[in-house]
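# I would like the atomic coordinates for the input below:
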Amino acid sequence: MQIEIYGLSANEKQISVELMAVCDSFSSLLWDVEFYQCGSFEVYIAASPQNVEIFQLGRIVGRDDDNEHFGIIESMKIETDAENGDYLTISGRFLTCLLECRIIYPTFSANNTYENIVRNVLSRNAISAGIRSIPGLSMGTVSEACWQRKTRLQVSYDNLMEWLYTICETIGGSVNIRLNGNSLKYDLFEGTDRNILQDTNPHIVFSNSYNNLLSFFYVADNSKQKNFAYVLGSGEGAARKRTTYFSGTEPTYLDRYEVYVDERNTSQDEDVTDDEYLEILKKQRCGKYDNSTDSIGVHHRCVFHAISV
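Residues are numbered from 1 along each chain as shown. All right, here's what the predicted structure looks like:
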């Protein structure tokens, strides 16, 4: 496996990508592909003058065996070690992090499929957005049915990347931005269920017995658990629109953990009924809090360090 390093330049409408170097002399490479958040990478390599020149901030890193994921160098650290020599630690995130540079502005409201909603939001804030446009970015492929589900929503001033991954987790899809020549393509897709409880797709099992697991840890933490939300929307005082949210059966007594959610910035359009507006408030709550430290439910985290094959 080799690392490819590309130079990136851009004007107002397009990008230009140039292969600067190919490297296979690195000591280690971490290539962390995520589903509900932006993936990342880290390269550990000798700090030779040539490598210091090659691995510059803002350049793109790829792998010759992966044409879907490309990272932007965001950090470079040089460490001096009298015994082992000088080393570079190069790290960054995959190209989807470009969307983190934009917010959703102004307020966007829609009653449509998730695919069309994402298309419109990205078009208004990152593609056909004047000086806010990300050069070279355009729609790639859309696969699987989850993106064809319909919803009604409203969003204002959210970070574009964070909002998009919130949508992904809501519907079970994901997003990726890849290099395609001198352009950037964003793809919308759905994961493949490979757990051992289904028989449709081949299973993937990580186990010491298969020699494909380096380490494993599991964490369950309910110290910041919230499972009942009071959601308040537009209006003032007693006239303010309000609803509640919980998952499953309403929690009671010592099993009830309440949180207040302020959605005053989610306005009610003229064609939206009160009942529809309250449902929008619930969806806004789900998107903003389900994966935060104020999340509904217990936080579970399971991490595998597996051997790439």
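# Have a look at the chain and report its longest strand.
Identified as the longest strand of the chain according to DSSP state E is strand 66-79.
# Which parts of the stretch 101-250 of the chain are strands?
Ranges of strands in the stretch 101-250 of the chain, per DSSP state E, counting those that start in this stretch, are 108-113, 137-142, 150-155, 173-179, 184-190, 213-221, 228-232, 242-245.
# Now distance to residue 6 too, for those strands, in JSON lines please.
Bear in mind the C-beta positions are built from the backbone N, C-alpha and C, glycine included. Written out in JSON lines, the entries for those read as follows (distance: least, Cβ to Cβ, whole Å):
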{"stretch": "strand 108-113", "distance to residue 6": "33"}
{"stretch": "strand 137-142", "distance to residue 6": "16"}
{"stretch": "strand 150-155", "distance to residue 6": "33"}
{"stretch": "strand 173-179", "distance to residue 6": "8"}
{"stretch": "strand 184-190", "distance to residue 6": "12"}
{"stretch": "strand 213-221", "distance to residue 6": "29"}
{"stretch": "strand 228-232", "distance to residue 6": "45"}
{"stretch": "strand 242-245", "distance to residue 6": "45"}
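# The longest strand of the chain: how far from the chain's middle?
17 Å (Cα atoms, centre = their mean, to the nearest Å).
# The next helix or strand after that strand pairs with which strands, and in what direction?
As assigned by DSSP states H and E, the chain's next helix or strand after strand 66-79 is strand 87-94. Within its sheet, and counting by DSSP bridges, strand 87-94 is paired with strand 40-46 (antiparallel), strand 66-79 (antiparallel).
# Show me the contact partners of strand 87-94.
For strand 87-94, contacts defined as Cβ atoms under 8 Å, 6 or more residues apart in numbering pick out 27, 33, 38-47, 51-52, 55, 61, 69-79, 81, 176-177.
# tell me the mean pLDDT for it?
Mean per-residue pLDDT for strand 87-94: 97.
# and the angle from it to strand 173-179?
120 degrees (axes from the mean of the first three to the mean of the last three Cα atoms, to 10 degrees).
# tell me the SS of residue 53?
Per DSSP: H, G, I helix; E, B strand; the rest coil, the local secondary structure of residue 53 is helix.
# What is the burial count for it?
A count of nearby residues for residue 53, using other Cβ atoms under 10 Å, gives 10.
# again with the one 5 residues further on
Burial of residue 58, expressed as a neighbour count using other Cβ under 10 Å, amounts to 11.
# gap between it and residue 284?
Distance, residue 58 to residue 284, by Cβ to Cβ, to the nearest Å: 35 Å.
# And for residue 210?
In this view, residue 210 and residue 284 are 43 Å apart by Cβ to Cβ.
# Which one of those two is surrounded by more residues?
residue 284 (23 against 11).
# where does this protein have low pLDDT?
Applying pLDDT under 70 to the chain picks out residues 285-309.
# That one - how does it break down into domains?
Annotated domains of the chain cover 3-94, 99-190, 206-309 [automatic domain parsing].
# Residue 196: which of those is closest?
Counting by Cβ to Cβ, residue 196 lies closest to domain 206-309 out of the domains of the chain; the figure is 11.1 Å.
# so is the most centrally placed residue in the chain in a helix, a strand, or just coil?
Closest to where the C-alpha atoms of the chain average out (Cα atoms, centre = their mean) is residue 37, at 2.8 Å. Secondary structure state of residue 37, per three-state DSSP, is coil.
# you'd agree it is up against residue 166?
No - taking Cβ atoms under 8 Å as the definition, residue 37 is not a contact partner of residue 166, at 10.2 Å.
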